[in-house]
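Colleague: okay, sequence plus prediction incoming.
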Amino acid sequence: MTFRRGVLLSAPAVLFLVAAFVYPFAYGIVLSFTPKSGGPLANFTVFLGDEFQRAAIGNTFALAVPAALICVGLAVPLAYRMRRGIRGERALTALLVVPVTLGPVFIADAMLFYFGPVGWFNRVVEALHLTSEPVRLIHTYSAVLLAIVLTAFPFAFLLLLGYISGIDPVLERAAHVLGAGPWVTFRRVLIPLMAPGIATSFALTFVLAFGVFPSAVLLGEPGGSTRVLAIAAYQAAYEKFDFSAGSAIALLMGVLQLGTIGLVFAVRARLYSGARGGKG
Amino acid sequence: MTAASSAGARRPPAGSHEPAGGQRECLELRGVTKRFGGMIAVDRLDLSVEPGEFLTLLGPSGCGKSTALNCIAGLMRLSEGEIHFGGKRVDRMPPEKRGFGMVFQNYALFPHLTARENVAFGLEVRGLRREEVVRRTSEALAVVRLEAHGDKHPGQLSGGQQQRVAIARALVVEPRLLLMDEPLSNLDTKLRGELRTEIKRLHQRLGLTSVYVTHDQGEALSLSDRVVVLRDGRVQQIGAANEVYEMPATAFVADFMGYRNLLRAEVESVDGHSAVVDAGGLELRGTAMGDLAPRGRAIAAIRPHDVLCHFAAGDGLRGRVEVVEYEGNVFVADILLASGLRLYAESADPLAPGDEIGIHIDPRRLLVFPDQDAPQA
């Protein structure tokens, strides 16, 4: 292919990216550094200086890190069990993908009714005389965490299942004959070989959870423990109509996510390097 | 059908000495059967392997040889039967408790570990002291002459080097039994020959009881004290390498042992060890192998180098050379006989396509087997 044809062929894609991504992205950055009042960094100093606002960073991490850990923590053993395929695998996979297709609002709505004061869950609990008062499950941190795990888990699981079923089964057999039982084989052979998949699925679920918005509003305490960065950005932009401050918070989110993902991959590279004998 | 057991004919492994630890443990398979669904992969296999012996399971793909090896290793559960080792029943024991070593066709090295770490794996999971792990790992790498490559990952090593790492990894734990599943099949011809010699050298030096699986008769013959030929999960013949080569028990074994000419025939007469058959209008005299009945279906087998070609005129078998392949020391010719039969012949003298030649077959070299696959008349 000639250079000219290459340029022509890639032009639509490049134009689209510039119009739909590069320009808005650059515009947002510029917007972040041109606050309504004060110097270029005023948005950031104001946000970080306010204790209530600053708490949103902690709130977001407090949801995203446990959510990603739970998803990966559940997905690894399940993928391990299913690495050679199981009966009804297709049905199970379909079942797991359903929450993804339903969307967070639908799930939040369903959870509101099911776990609500007069929902099935509380009615059963009361009928069994386990408690005298309805259990408060919605409008809590846990409800948001559960909703995130429900939507993010399928991604983590399917990604890890792909990784683990790509590992040559003969390696496990070799480890067994060499004296390693199932647990030692899992820890010393499968986990290191799955490490790239584990890091990727952690990063993926972390990013999904980090941007949580509908679940945090509908199921959580949007004024308290689940006031995440997305809510803070929304309030700045659409309640106070300060788009510059909203952009700054969104930019902060991006930087924090990139930093965390960078950390995850750095740890993985240190633990299981391919180059020189690093081993967990 | 089992034939030609070999109690007397087994040679002791030349130059071997007591294996490490002085253990003299015998491996015994009793009625080992493995089914996959309705398919029988291994059918009532009885086998005993003497201490220090090198035994090979030989057969085409799908004959059950690898399945049998996996059963011995503990990687597959038996459907029926028992496996005993050193006087103890082991078939219910998980593979990690058996203390065997195994080498796989595709090396099965752990890709995230260096060659040295791969070799050390078995020692580390046994919980040996750090210094001992290091010392024995270095020794094992030296045995397979890979000291210089210890810090490389499997991906940085050639196929032959990888398989030598795999052999070191299996040997370093001083296994009570060494199992090898087509270890040379992924290598090119030259490396295969080198590594074959290496395996033989290691066996002579260490005297490890070994069970080897291959579909290559050359490997089986050159490495083994005894060969077990399998077909469809059943034993066709067990015998010393030379026995199986010189006196194949069935037409199937003969096919595997280089009897490239296998002619469908009908038995005309049998007289003791001698039989006369009719192979598509051609009358041939040969040595009777097994029970032959007059008018029964038979297979006449002869090796290409036992089909002698000559240019002298006269009666007897005559044919025309159709294709000639030069193989360095011999010419291999595809010869069309007047009766329409084809024979492969080897000749030291040059042959050319179109040559009209005479053929002589020594009746002692022509083996006549009952045709197992044909309904007996």
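Modeller: Nice, thanks for sending it over.

Colleague: could you tell me the end-to-end distance of stretch A:113-130?
Modeller: End-to-end distance for stretch A:113-130: 20 Å, by CA to CA, to the nearest Å.

Colleague: what's next to that stretch, contact-wise?
Modeller: A:112, A:131, A:134-135, A:137-138, A:143 (CB atoms under 8 Å, 6 or more residues apart in numbering or on different chains). Heads up, the C-betas are built off the backbone N, CA and C, glycines and all.

Colleague: can you list the buried residues in that stretch?
Modeller: Using 16 or more other CB atoms under 10 Å in any protein chain shown as the test for burial, stretch A:113-130 gives A:115-116, A:119, A:121-122, A:125.

Colleague: low pLDDT regions in chain A?
Modeller: Low-confidence segments of chain A (pLDDT under 70): A:1, A:272-280.

Colleague: try it again at 80.
Modeller: Within chain A, the stretches with pLDDT under 80 are A:1-2, A:99, A:130-134, A:271-280.

Colleague: mind naming the longest helix for chain A?
Modeller: In chain A, taking DSSP state H as the definition, the longest helix is helix A:51-81.

Colleague: also chain B?
Modeller: Per DSSP H, chain B has its longest helix at helix B:189-206.

Colleague: what packs against that one?
Modeller: helix B:159-171, helix B:217-223 (3 or more CB pairs under 8 Å, 6 or more residues apart in numbering or on different chains; DSSP states H and E).

Colleague: centre of the chain versus the shortest one, how much separation?
Modeller: Using CA atoms, centre = their mean, to the nearest Å, the mean C-alpha position of helix B:217-223 is found 6 Å from that of the whole chain.

Colleague: cool, stretch A:102-113 as well?
Modeller: That offset, for stretch A:102-113, works out to 18 Å (CA atoms, centre = their mean).

Colleague: in it, what's buried?
Modeller: In stretch A:102-113, residues buried by neighbour count (16+ other CB under 10 Å) are A:104, A:107-108, A:111-112.

Colleague: do stretch A:25-43 as well
Modeller: Buried residues in stretch A:25-43 (16+ other CB under 10 Å): A:28, A:31-33, A:35, A:42-43.

Colleague: go on, stretch B:264-284?
Modeller: Under 16+ other CB under 10 Å, the buried positions of stretch B:264-284 are B:264-265, B:267, B:270, B:275-277, B:279, B:282, B:284.

Colleague: got it, and stretch A:254-269?
Modeller: For stretch A:254-269, by 16+ other CB under 10 Å, it's A:256-257, A:260-261, A:264, A:268.

Colleague: that one near chain B anywhere?
Modeller: No - for stretch A:254-269, no contact with chain B is found by CB under 8 Å from any CB of the partner chain; the gap never falls below 11.8 Å.

Colleague: tell me where the stretch 151-300 of chain B has strands.
Modeller: B:178-181, B:210-214, B:226-231, B:234-240, B:261-271, B:274-279, B:282-288, B:297-302 (DSSP state E, counting those that start in this stretch).

Colleague: can you put these in CSV and add distance to chain A and mean pLDDT?
Modeller: Shown next, in CSV, are the strands of the stretch 151-300 of chain B (distance: least, CB to the nearest CB, whole Å; pLDDT from 0 to 100):
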stretch, distance to chain A, mean pLDDT
strand B:178-181, 8, 96
strand B:210-214, 13, 97
strand B:226-231, 21, 96
strand B:234-240, 25, 95
strand B:261-271, 36, 92
strand B:274-279, 46, 92
strand B:282-288, 44, 91
strand B:297-302, 37, 94
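
Colleague: now the ones you listed in a markdown table, with distance to residue B:155?
Modeller: Shown next, in a markdown table, are those (distance: least, CB to CB, whole Å):
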| stretch | distance to residue B:155 |
| --- | --- |
| strand B:178-181 | 22 |
| strand B:210-214 | 26 |
| strand B:226-231 | 35 |
| strand B:234-240 | 40 |
| strand B:261-271 | 44 |
| strand B:274-279 | 54 |
| strand B:282-288 | 54 |
| strand B:297-302 | 46 |
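
Colleague: hey, where'd the helices end up in the stretch 151-280 of chain A?
Modeller: Ranges of helices in the stretch 151-280 of chain A, per DSSP state H, counting those that start in this stretch, are A:169-177, A:182-185, A:191-210, A:214-218, A:229-234, A:243-271.

Colleague: hmm, I was thinking of chain B
Modeller: Using DSSP H, helices in chain B cover B:65-73, B:115-125, B:130-143, B:159-171, B:189-206, B:217-223, B:241-246, B:251-256.

Colleague: for those, which one sits closest to residue A:66?
Modeller: helix B:115-125 (33.2 Å; CB to CB).

Colleague: buried ones in that closest one?
Modeller: Neighbour-count burial for helix B:115-125 flags B:115-125 (criterion: 16+ other CB under 10 Å).

Colleague: ok, now stretch A:191-202?
Modeller: In stretch A:191-202, counting by 16+ other CB under 10 Å, buried: A:191-195, A:197-202.

Colleague: so which bits of the stretch 1-150 of chain B are right by chain A?
Modeller: B:70, B:73-75, B:94-96, B:98-102, B:104, B:106, B:108-114, B:116-117, B:121-122, B:125-126.

Colleague: quick one: which of those sit in strands?
Modeller: Those of the residues of the stretch 1-150 of chain B next to chain A mapping onto strands are B:101-102, per DSSP state E.
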